[in-house]
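Engineer: Attaching a predicted model along with its sequence, questions to come.
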Amino acid sequence: MVIHLKKGLDENRVSALAAELKAIRLRENGTQVLVTSSSLLQIDPAIELLVDEYFVCRTDIQLASTEYRSSKRLVTVGDLHIGGDLKQTLMIAGPCSVESEPQINTVAEFLVGLGVRMMRAGCFKPRTSPYSFQGLGLKGLELLAHVRENTGLKIITEVKDATHVDAVIEMTDVVQVGAKAMYDHGILNACARSRKPVLIKRGFGSTLQEFVQAAEFVLSGGNENVILCERGIRTFEHKTRFTLDLCGVAYLKEHTNLPIVVDPSHAMGFAYGVPDLARAAMAMGVDGLLIETHPNPKTALSDASQQLDFGEFVALYSSLPMIAKAVGRRMI
Ligand code: PEP
Ligand code: MN
């Protein structure tokens, strides 16, 4: 249950009430908010006197739910906006990893030339094998900071574990919590303490309930700037890397108030399928697309098979605005 308290209540009274209800306390636009487990289905009439409004949520998807807020939250990244009622779809593109200064500068220049406003690239890579390229770490973050400074591109990069989360929060515009990191509470708590926009990728073995509850940790910790990203889940199918869960996207659109980004690159695992999936997601009216592109995918140090080369990216990019228009949206 999400409870909005009356204004001007005595601090001791609020603390006592929060303790009594075993509630998490936060503030939203100047309103004191208590969030209790969804198993609390009604409140005591004595407490009701202190309450301005309350929202009963059927499960612990609460702050992220449309039961609590029927309109979509707007996440602001400098002069860019994601979600709300803007009917815009943000293109986020870039290589899987920062590999070198020339590589990342080449991608940045290419994206700026097309008018793309946000670049993705990983520095701390959560690889399945310890023998694979693990990312450039802090050196990569510095290269991204230079790109940001020189081009004005907004930067999103992933955090792999809590040891470097503060550096990523400080040095980027949006923090990406990777699929394998979705359950890392050190990361979620650090993101909750900051006000930096956070894009949480769905763990590939996670239900929609578990996915949105990861977002609840950040929201209930006081950071309202949360974006959800569907990036494919593991199914019995092995011909593709994962299975892009567009049913899940429909569910998230209907039942949550958070902006939704779709990442077809990691779902498909092969470049040939990425453009069609991106167009399908655009037709669903999502708030953003996250696409991997690399100057020479064959030589990429991670996710080589799924990254679009620049020609493939341009073909995809130029096919998207008319789909956006057909569903009443605009690509930015
Ligand atoms: C990535 O974006 O490069 C990545 C590793 O994504 P995910 O966490 O979805 O696997
Ligand atoms: Mn990748």
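Structural biologist: Received it, and whenever you're ready, just let me know what you need. Ligands and ions are numbered 1, 2, ... in the order given.

Engineer: does the residue nearest to residue 181 when sequence neighbours are not counted count as helix, strand or coil?
Structural biologist: Nearest in space to residue 181, with sequence neighbours left out and distances taken as C-beta to C-beta, 6 or more residues apart in numbering, is residue 187 at 5.5 Å. (C-beta placed from N, C-alpha, C; glycine too.) Using DSSP: H, G, I helix; E, B strand; the rest coil as the criterion, the local structure at residue 187 reads helix.

Engineer: Identify the residues contacting residue 189.
Structural biologist: 217, 221 (C-beta atoms under 8 Å, 6 or more residues apart in numbering).

Engineer: make that residue 224, sorry
Structural biologist: For residue 224, the contact set (C-beta under 8 Å, 6+ apart) comprises 28, 73.

Engineer: Which of the three states applies to it?
Structural biologist: Strictly by three-state DSSP, residue 224 counts as coil.

Engineer: ok, residue 229 touching residue 264?
Structural biologist: No. The pair residue 229 and residue 264 fails to qualify as a contact (C-beta atoms under 8 Å) at a distance of 11.0 Å.

Engineer: By proximity to ligand 2, which residue of the stretch 101-250 of the chain wins?
Structural biologist: Of the residues in the stretch 101-250 of the chain, the one nearest ligand 2 is residue 122, at a distance of 6.4 Å by C-beta to the ion.

Engineer: next one: the chain
Structural biologist: For the chain, C-beta to the ion, closest residue to ligand 2: residue 96, 3.2 Å.

Engineer: which stretches of the stretch 201-332 of the chain form helices?
Structural biologist: Using DSSP state H, counting those that start in this stretch, the helices of the stretch 201-332 of the chain run over 208-220, 246-255, 264-268, 274-283, 310-326.

Engineer: Kindly reformat the ones you listed as TSV containing mean neighbour count, mean pLDDT and distance to residue 179.
Structural biologist: Compiled in TSV, the helices of the stretch 201-332 of the chain are given as follows (neighbours: other C-beta atoms under 10 Å; pLDDT from 0 to 100; distance: least, C-beta to C-beta, whole Å):
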stretch	mean neighbour count	mean pLDDT	distance to residue 179
helix 208-220	21	98	10
helix 246-255	16	98	13
helix 264-268	25	98	7
helix 274-283	21	98	16
helix 310-326	16	98	22
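
Engineer: Of all those helices, which one is nearest residue 194?
Structural biologist: Residue 194 lies closest to helix 208-220 among the helices of the stretch 201-332 of the chain, at 9.3 Å (C-beta to C-beta).

Engineer: how far does the closest one sit from the chain's center?
Structural biologist: 11 Å (C-alpha atoms, centre = their mean, to the nearest Å).

Engineer: got the helices of the stretch 201-332 of the chain as TSV, with distance to residue 195 columns?
Structural biologist: As requested, those are arranged in TSV below (distance: least, C-beta to C-beta, whole Å):
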stretch	distance to residue 195
helix 208-220	11
helix 246-255	23
helix 264-268	27
helix 274-283	28
helix 310-326	29
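
Engineer: And the least confident helix or strand in the chain by mean pLDDT, what's buried?
Structural biologist: Using mean pLDDT, DSSP states H and E, helix 45-48 stands out as the lowest-scoring helix or strand of the chain, at a mean of 85. Buried residues in helix 45-48, defined by neighbour count with 16 or more other C-beta atoms under 10 Å: residue 47.

Engineer: what does that helix contact?
Structural biologist: 17, 20-21.

Engineer: Mind listing the strands whichever helix or strand comes after that helix pairs with, and their directions?
Structural biologist: Sequence order places strand 51-55 as the next helix or strand after helix 45-48, per DSSP states H and E. Sheet pairing of strand 51-55 (DSSP bridges) gives strand 2-5 (antiparallel).

Engineer: What count of nearby residues applies to the residue of the chain closest to ligand 2?
Structural biologist: Residue 96: 25 surrounding residues under other C-beta atoms under 10 Å.

Engineer: so it sits right up against residue 302, yeah?
Structural biologist: Yes. Using C-beta under 8 Å, residue 96 is in contact with residue 302, at 4.5 Å.

Engineer: Which residue ranges of the stretch 101-250 of the chain form strands?
Structural biologist: 118-120, 154-159, 174-177, 198-201, 226-230 (DSSP state E, counting those that start in this stretch).

Engineer: ok, the nearest residue to residue 231 once chain neighbours are set aside - how many residues close by?
Structural biologist: Leaving out its chain neighbours, the residue that sits closest to residue 231 by C-beta to C-beta, 6+ apart is residue 263, at 4.0 Å. Around residue 263 there are 29 other residues, counting by other C-beta under 10 Å.
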